[in-house]
Structures are given as C-alpha cells and as structure tokens.
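>>> Got a sequence here, can you model it:
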Amino acid sequence: MKIGFWAKCLADKHQKTGIQVYAENILKSFAKIDRENQYIVYSHKPIKYDFLNQDNIRLKVPFWPFPTLWTQIRVSIDFALEKGDLLFLPAFITPIFSHFKTVVMLHDLFFLQFPKHYNRFTRNSFAFWTKIAFKRADKIIVPSKYVWSEIKKYFPEALPRVCIIYEGYSPSYKQRSKDEIKKVKVKYQINSPYFIHVAGLFTQRKNTHNLIKAFYDFKKNNFCLKTKLLLIGERSKEYAYPQVAKLINDLKLNKDVIFLGYLPKEDLAILLSGALAAVYPSLSEGFGLPALEAMAAGCSLITSNQGALKEIAKGAAILVDPLNKKELLTAMQKISDEPKLRERLIDKGFKRSKFFSWDKCAKDTLKLFDEVIKG
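The predicted structure is shown next:
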C-alpha cells in the first residue's frame with residue numbers, strides 16, 4: 001500500500017501543539033512497526049527526522065507559490081500522479097477534489113462548544129473544513145469516546161465512518177530517580193514543593209485563571225508552606241497569557257507562581273515526576289495528552305470532570321468541576337496533606353497509563369487503513 005502522510009504541521013518552528021505531537025509520534029511509530037507499506041510524507045518545508053531516512057519512507061516538499069490551497073491542489077495532484085492508495089491527514093483539512101481514499105484525524109469540536117473563544121473567521125473556517133471532512137473522508141478517527149459523542153450530537157449522519165483510536169505518550173514520561181529530579185530542580189532553581197500546570201498555549205479553555213485563584217486561596221490557608229505553582233507553556237500575546245500574568249501580579253503571587261515557558265520533553269517529564277501533583281482543570285479536552293503524560297511520569301493528577309479527561313484518567317485522578325474554585329482548592333489541599341493519597345494516585349495513574357501507547361495507536365490506525373482500502 002502506498003500511503004500519503006500530510007505533515008505540514010511538523011514544519012512549524014513553534015513548540016508542538018497537540019496536533020503536532022500526534023502527527024510526529026504516530027509517524028514515528030509507523031516507521032518503527034511497518035516496513036511493508038510505502039510512505040510519502042508531504043510537507044511544504046523541509047523537515048528533519050531520523051526515521052525519514054528509512055527505505056520505505058520518502059519526504060516530498062512540493063513547491064507551491066501561493067499562501068493557500070497547498071493541500072487542496074498541490075498535494076492532491078502530486079499524490080494522484082504517484083498513484084497513491086490512501087492519504088492520511090492528522091488534521092481535519094480534507095482534499096475536496098480527489099479520487100484516492102482519505103482518512104482524517106479529528107481531535108475535537110471546540111469551535112462548536114466554545115464559539116466565543118474563536119473569532120468569526122476562524123470559527124467559520126473550522127466549520128467549513130469539518131463539514132468537508134465529514135462529507136469527503138472515507139474514515140474519521142477521533143481520540144476518545146467523548147469526541148465521538150460530540151459528533152453524535154452535532155453530525156449524527158457521520159457516525160458510521162467514525163472510529164475511536166486512543167493516543168499514546170513518549171517513553172520520556174516515566175518514573176524518575178531522586179537524583180534526576182534533584183538535578184532538574186537545581187537547573188530551574190526550584191527549591192520548594194510544587195504543583196505543575198501544563199497549559200501549552202494558555203488558551204481560555206485551559207482555565208489557568210481559575211487555577212491561579214484557587215492557588216491564591218491555597219497559599220492563604222497554608223502561609224507557612226513554601227509551595228510553588230509551575231506554569232508550562234508559551235508566553236504569547238495571542239492567547240490568554242497576558243490576562244494570566246496580570247492576575248498573578250494583581251494577587252501578588254509573582255514569587256509563588258513560576259513561568260517556565262516551554263521545556264524540553266525530558267526536563268518536563270522529570271519535573272512531573274517530582275511534583276506534588278499535576279493540575280489540569282481544562283474546560284474540555286478531546287483527549288488530554290498532558291494528563292496522560294503526568295500519570296505515565298508517576299505524578300498524581302488533579303483534573304477536570306469535563307470532556308475526555310475523566311475517560312482518560314478513569315479513576316486514577318481527583319476529578320473536579322473546573323469552574324468550581326473550592327473544588328480545586330480542596331483537591332490541592334488533600335494532595336498536600338495526605339501523602340498516602342498521593343502515593344495511591346501515583347500508583348493508579350501509572351497503571352492506567354500502560355493502557356495507552358503510540359505503537360498501539362499506529363497498529364490500530366494501520367488496521368483501519370487496510371479496512372478502507374479493502375472497502
């Protein structure tokens with residue numbers, strides 16, 4: 001089988017978002033477990049990965065002089081000339097005019113759930129391309145039962161072509177030694193117990209502002225403790241970071257809430273392993289990679305009871321209403337006061353994380369490709 005892989009997102013120089021993490025890891029697992037099929041990896045700019053040198057993988061960077069329609073025209077024409085069998089798109093943009101099979105990954109329907117979080121142009125663009133995906137794609141992959149249920153709500157006619165395939169996590173996320181944790185804490189000048197919040201882009205949906213308010217109350221109730229809150233993500237003016245920074249300043253938490261920006265994967269994994277807990281009170285997630293990565297790293301987890309997060313955690317975390325500041329405060333207080341509870345959550349989370357892997361995700365996806373080709 002000749003498989004096309006849309007990898008435009010991997011050429012983005014910015015830190016990886018969920019779509020990029022998914023694309024990179026599933027492609028890496030395809031290379032690892034599949035030597036039989038031929039892969040053509042499409043990017044609009046050169047990308048470098050060791051696995052692209054494999055005999056059955058070929059990178060193509062088709063030139064296109066215009067800022068739009070690269071996927072719709074250039075990639076579609078090239079893949080047709082290659083006589084490809086199936087084009088896989090890790091994002092929801094699907095070729096409108098094509099005669100080859102297509103499989104699309106749909107990560108969420110947030111533009112429908114949180115319309116006020118998007119400007120009109122972005123919202124309309126997402127709506128248009130999502131409808132095209134439901135109309136044109138032979139199969140649509142979703143990362144959770146939750147996203148499946150959202151499709152049932154908004155696009156029930158598409159359900160027969162929707163398949164749930166869970167994501168995985170990097171081997172970097174594992175329980176670490178005290179020496180490893182100590183070295184990384186010294187590197188980032190952390191000398192106190194800490195909670196950790198992986199926000200990525202600090203969008204409104206990550207609900208960081210409510211966590212800050214709950215942490216403020218935690219510090220008031222525990223003024224003798226030197227507990228810190230580490231925030232991991234991009235300090236961009238495009239999202240809610242400026243409001244979060246202002247709130248921290250207004251509450252005089254500048255010495256207790258520490259922005260670390262984006263971290264190398266290895267450092268983040270070690271900091272998770274040494275945290276009191278990862279706190280992830282998102283308003284909704286299509287999957288929730290940071291929650292899974294925390295569990296795999298041996299970190300107790302406090303997370304939202306909304307979206308796919310309770311599905312992914314499945315009894316291995318303290319679930320809270322993300323809009324209820326008191327529930328967040330109570331959860332952090334329990335973790336701080338009850339070491340045995342923390343140990344139980346670490347053990348449960350570690351066991352739960354073993355249910356997920358990128359290799360399993362890739363195997364299930366390849367099985368789906370075979371089904372699509374065979375009709």
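
>>> Every contact and neighbour count from this point should use C-alpha atoms.
Fine.

>>> Shouldn't residue 258 be within a strand?
Yes: checked against DSSP: H, G, I helix; E, B strand; the rest coil, residue 258 lies within a strand.

>>> Could you break the chain into its assigned domains?
2-168+357-374, 178-353 (automatic domain parsing).

>>> most tightly surrounded among these?
Per residue and on average, the most neighbours among the domains of the chain fall to domain 178-353, with a mean of 19 (mean count of other CA atoms under 10 Å).

>>> For residue 297, which non-adjacent residue is closest in space?
Closest residue to residue 297 in three dimensions, ignoring its sequence neighbours and counting by CA to CA, 6 or more residues apart in numbering: residue 174, at 4.0 Å.

>>> quick one: low-confidence ranges for the stretch 251-375 of the chain?
The stretch 251-375 of the chain contains no residues with pLDDT under 70.

>>> show me where it has strands.
Ranges of strands within the stretch 251-375 of the chain are 257-261, 277-280, 301-304, 318-320, based on DSSP state E, counting those that start in this stretch.

>>> who does the second one touch, helix- and strand-wise?
Put plainly, it is strand 277-280. Helices and strands touching strand 277-280, by 3 or more CA pairs under 8 Å, 6 or more residues apart in numbering; DSSP states H and E, are strand 194-200, helix 289-296, strand 301-304.

>>> What is the second one packed up against?
Looking back up the chat, that one is helix 289-296. helix 265-273, strand 277-280, strand 301-304, helix 309-313, helix 339-353.

>>> mind running it again at 7 Å?
helix 339-353 (3 or more CA pairs under 7 Å, 6 or more residues apart in numbering; DSSP states H and E).

>>> and if you look at the shortest one?
Under the contact criterion of 3+ CA pairs under 7 Å, 6+ apart, strand 301-304 touches strand 277-280, strand 318-320.

>>> Just put those in a markdown table and tack on distance to residue 102.
Formatted as a markdown table, those follow (distance: least, CA to CA, whole Å):
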| stretch | distance to residue 102 |
| --- | --- |
| strand 277-280 | 34 |
| strand 318-320 | 37 |
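
>>> Those strands: which one's closest to residue 252?
Checking the helices and strands packed on strand 301-304 against residue 252 by CA to CA gives strand 277-280 as the closest, at 20.6 Å.

>>> Pull up the pairing partners for that closest one, direction included.
If you go by DSSP bridges, strand 277-280 pairs up with strand 194-200 (parallel), strand 301-304 (parallel).

>>> any chance of those strands in JSON lines, plus distance to residue 5?
Formatted as JSON lines, the strands paired with strand 277-280 follow (distance: least, CA to CA, whole Å):
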{"stretch": "strand 194-200", "distance to residue 5": "25"}
{"stretch": "strand 301-304", "distance to residue 5": "33"}
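
>>> circling back to that earlier point, how far away is the residue nearest to residue 297 from residue 264?
15 Å (CA to CA, to the nearest Å).

>>> likewise residue 90?
Where residue 264 is concerned, residue 90 sits at a distance of 23 Å (CA to CA).

>>> before we move on, back to that, tell me which of the helices and strands packed on strand 301-304 lies nearest to residue 10.
strand 277-280 (25.5 Å).

>>> List of residues touching that closest one?
195-197, 272, 291, 294, 299-304 (CA atoms under 7 Å, 6 or more residues apart in numbering).

>>> Which pair of those spans the longest distance?
Pairwise distances across these peak at 17.9 Å for 272 and 304 (criterion: CA to CA).

>>> residue ranges of the helices in this structure, please?
Using DSSP state H, the helices found in the chain span residues 18-33, 76-81, 110-113, 120-136, 145-154, 178-187, 208-221, 241-250, 265-273, 289-296, 309-313, 325-337, 339-353, 358-374.

>>> Point out the other helices and strands that the last one packs with.
It refers to helix 358-374. helix 18-33.

>>> Could you find the closest non-adjacent residue to residue 205?
residue 283 (5.3 Å).

>>> Check residue 277 too.
Nearest to residue 277 is residue 300, by CA to CA, 6+ apart, at 4.7 Å.

>>> ditto for residue 30
residue 362 is the one closest to residue 30 (CA to CA, 6+ apart), at 5.9 Å.

>>> Make sure that neighbour is actually in contact with residue 26.
Yes: in this structure, residue 362 is within contact of residue 26 by CA atoms under 7 Å, at 5.7 Å.

>>> Roughly how far does residue 299 sit from residue 352?
The value you get for residue 299 to residue 352, if CA to CA is used, is 12 Å.
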